[in-house]
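Q: Next come a sequence and a model predicted from it.
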Amino acid sequence: MITPNCTILLSDYAKGVITQELVAFVVQRVHAMGCTIIVDPKDPHYGLYVGVDYIKPNAKEFKQMVAQFKLPVTDSLEENGRALCRLLAVRGLIVTLGDKGMAYIDAHTFFISPACKREVYDLTGAGDTVIAFLGLAIAHGLPIESCLAVANHAAAIAISHVKTYAVSLDELIDYAYEPDEKIYEDWTQLKIELDWLRIDGKKVVFTNGCFDILHPGHVQTLKEAKKMGDILVVGLNTDDSIRRLKGPLRPINDVVHRATMLAALGVVDFVVPFGQDTPYEIIAYVKPDVLVKGGDYQREKIIGYDIVTSYGGRVETIELVPGLSTTKLIHTIHQQKEAQTKRVNGHSG
């Protein structure tokens, strides 16, 4: 029985069950009840899935889709993904990329959810695990970023077992409390990880910020910061701390979104959210070898300067990329919206 808010999974094995008539019937009936349809596709049926909500090809299947619809092979994953969404009238594509994680593409959004590192024993059934937990997460109304994260975690558990393995909710919950490969909400777990790395002689660099809308200025700063040591830890303001600092209209992106984006950068080793107004407490706890901030700060006035220099650490500044800041980007967006509104009103008048 189909109930509202449920998710229907169509897993196509090209055995004759999935036909154009069946897909059209399912789309009409399921969407009439307000439910969601996810397809695990199979070559050469890609043209059959018109109107479903999400399609989950792997990297090979995505290339086959691009070829079948005669899209430019030189275009990016994002560009071809958006073209496929338009051609098939679907809400989004979720492309599994093996050890690189999963890419999500829709008309306005593109991001890669990193894979969770675990010892791989058997890849059998990993795709089925992914679509099952995507369906579970989507049915419960989680943001799409969280849906991919849940599916990634479930897949990591599945491939750590021999042969086909059914992942339980208890295992998934337990795994959620294990530290992600980069994002550490638990300061204690992060400190333990850093202590082990220090035993191997690694030098820890720390920087912090809101990173509300990630832009090339952020990326350049993080690249330069990483050069000052071996391990780059990014302290990330939580949503509440940003509201206190920037006002009720910020952040634009929530902490999960921002942490995921930072963790996707190769130069970033760890992301640690903090809810205080300043990073003073997390700096005191982590005790980085190098503390880094943008060049608009005077070294002696950087929060944490007294802590880091007290044990012989370094405090450094990095020259900012001119003209790039989140505040300026938001201001530009508002200006463009105002100009567009004036043009529309002018035409209507």
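A: Structure's in. What do you need? Numbers count the residues shown, from 1 in each chain.
Q: got any ranges where the stretch 51-200 of the chain has weak pLDDT?
A: Where the stretch 51-200 of the chain drops to pLDDT under 70, the residues are 117-125, 162, 173-180.
Q: can you check the stretch 201-349 of the chain too?
A: Of all residues in the stretch 201-349 of the chain, those with pLDDT under 70 make up the ranges 321-339, 341-349.
Q: Show me where it has its strands.
A: Using DSSP state E, counting those that start in this stretch, the strands of the stretch 201-349 of the chain run over residues 204-209, 231-237, 270-274, 290-294, 314-318.
Q: What count of nearby residues applies to residue 160?
A: Counted with other C-beta atoms under 10 Å, the neighbours of residue 160 add up to 17. Quick note: C-beta positions are derived from backbone N, CA and C, even for glycine.
Q: quick one: the helices in the stretch 51-200 of the chain?
A: Remark: helices assigned in the stretch 51-200 of the chain by DSSP state H, counting those that start in this stretch are 59-68, 77-88, 126-139, 144-158, 169-176, 187-199.
Q: most packed of those?
A: The highest average neighbour count among the helices of the stretch 51-200 of the chain, using mean count of other C-beta atoms under 10 Å, belongs to helix 144-158 at a mean of 22.
Q: So which residues make contact with that helix?
A: 92, 94, 101-102, 104, 109, 111, 113-118, 125-126, 129-134, 136-138, 142, 165, 167, 171-172, 175-176, 256-257, 260 (C-beta atoms under 8 Å, 6 or more residues apart in numbering).
Q: Then stretch 100-111?
A: Stretch 100-111 is touched from outside by 77-78, 81-82, 85-86, 91-97, 112-115, 130, 144-145, 148, 151-152, 260-261, 264, with contacts defined as C-beta under 8 Å, 6+ apart.
Q: Which of the helices of the stretch 51-200 of the chain sits closest to residue 30?
A: Among the helices of the stretch 51-200 of the chain, helix 126-139 comes nearest to residue 30, with 12.2 Å by C-beta to C-beta.
Q: angle of that closest one against helix 144-158?
A: Taking axes from the mean of the first three to the mean of the last three C-alpha atoms, to 10 degrees, one finds helix 126-139 and helix 144-158 inclined to each other by 140 degrees.
Q: thinking again about what came up before, include mean neighbour count when you put the strands of the stretch 201-349 of the chain into a markdown table, please.
A: Listed next are those as a markdown table, based on neighbours: other C-beta atoms under 10 Å:
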| stretch | mean neighbour count |
| --- | --- |
| strand 204-209 | 23 |
| strand 231-237 | 24 |
| strand 270-274 | 23 |
| strand 290-294 | 23 |
| strand 314-318 | 17 |
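Q: Could you save the ones you listed as JSON lines and add columns showing distance to residue 67?
A: Conversion of the strands of the stretch 201-349 of the chain to JSON lines gives the following (distance: least, C-beta to C-beta, whole Å):
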{"stretch": "strand 204-209", "distance to residue 67": "42"}
{"stretch": "strand 231-237", "distance to residue 67": "39"}
{"stretch": "strand 270-274", "distance to residue 67": "37"}
{"stretch": "strand 290-294", "distance to residue 67": "45"}
{"stretch": "strand 314-318", "distance to residue 67": "44"}
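Q: Nearest to residue 307, out of these?
A: Taking C-beta to C-beta, strand 290-294 is the member of these nearest to residue 307, at 8.1 Å.
Q: Show the secondary-structure elements that that closest one is packed against.
A: strand 204-209, helix 216-226, helix 305-310, strand 314-318 (3 or more C-beta pairs under 8 Å, 6 or more residues apart in numbering; DSSP states H and E).
Q: how about the ones you listed in a markdown table, adding distance to residue 28?
A: Shown next, in a markdown table, are the helices and strands packed on strand 290-294 (distance: least, C-beta to C-beta, whole Å):
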| stretch | distance to residue 28 |
| --- | --- |
| strand 204-209 | 48 |
| helix 216-226 | 45 |
| helix 305-310 | 63 |
| strand 314-318 | 56 |
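Q: For residue 194, which of these is the nearest?
A: Short answer: strand 204-209, nearest of these by C-beta to C-beta, at 5.6 Å.
Q: Direction included, what does the closest one pair up with?
A: If you go by DSSP bridges, strand 204-209 pairs up with strand 231-237 (parallel), strand 290-294 (parallel).
Q: what's the closest of those strands to residue 50?
A: Of all the strands paired with strand 204-209, it is strand 231-237 that lies closest to residue 50, at 40.5 Å by C-beta to C-beta.
Q: how many neighbours does the residue nearest to residue 51 when sequence neighbours are not counted have?
A: Spatially, and ignoring its direct neighbours in sequence, residue 51 is nearest to residue 27 (4.3 Å; C-beta to C-beta, 6 or more residues apart in numbering). Number of residues near residue 27 (other C-beta under 10 Å) recorded here: 19.
Q: mind checking the SS state of residue 27?
A: Under the three-state scheme (DSSP: H, G, I helix; E, B strand; the rest coil), residue 27 adopts helix.
Q: one step back: which one of the helices and strands packed on strand 290-294 lies nearest to residue 36?
A: The nearest among the helices and strands packed on strand 290-294, by C-beta to C-beta, is helix 216-226 at 33.9 Å.
Q: Need the CA coordinates for that closest one. CSV is fine.
A: In CSV, the C-alpha atoms belonging to helix 216-226 read as follows (Å, rounded to 0.1, in the frame of the first residue of the first chain):
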residue,chain,number,x,y,z
PRO,A,216,37.9,31.6,-4.4
GLY,A,217,39.2,33.9,-1.7
HIS,A,218,38.4,31.3,0.9
VAL,A,219,40.0,28.6,-1.2
GLN,A,220,43.2,30.6,-1.7
THR,A,221,43.5,31.4,2.0
LEU,A,222,43.1,27.7,2.9
LYS,A,223,45.7,26.7,0.3
GLU,A,224,48.2,29.1,1.7
ALA,A,225,47.4,28.1,5.3
LYS,A,226,48.0,24.4,4.5
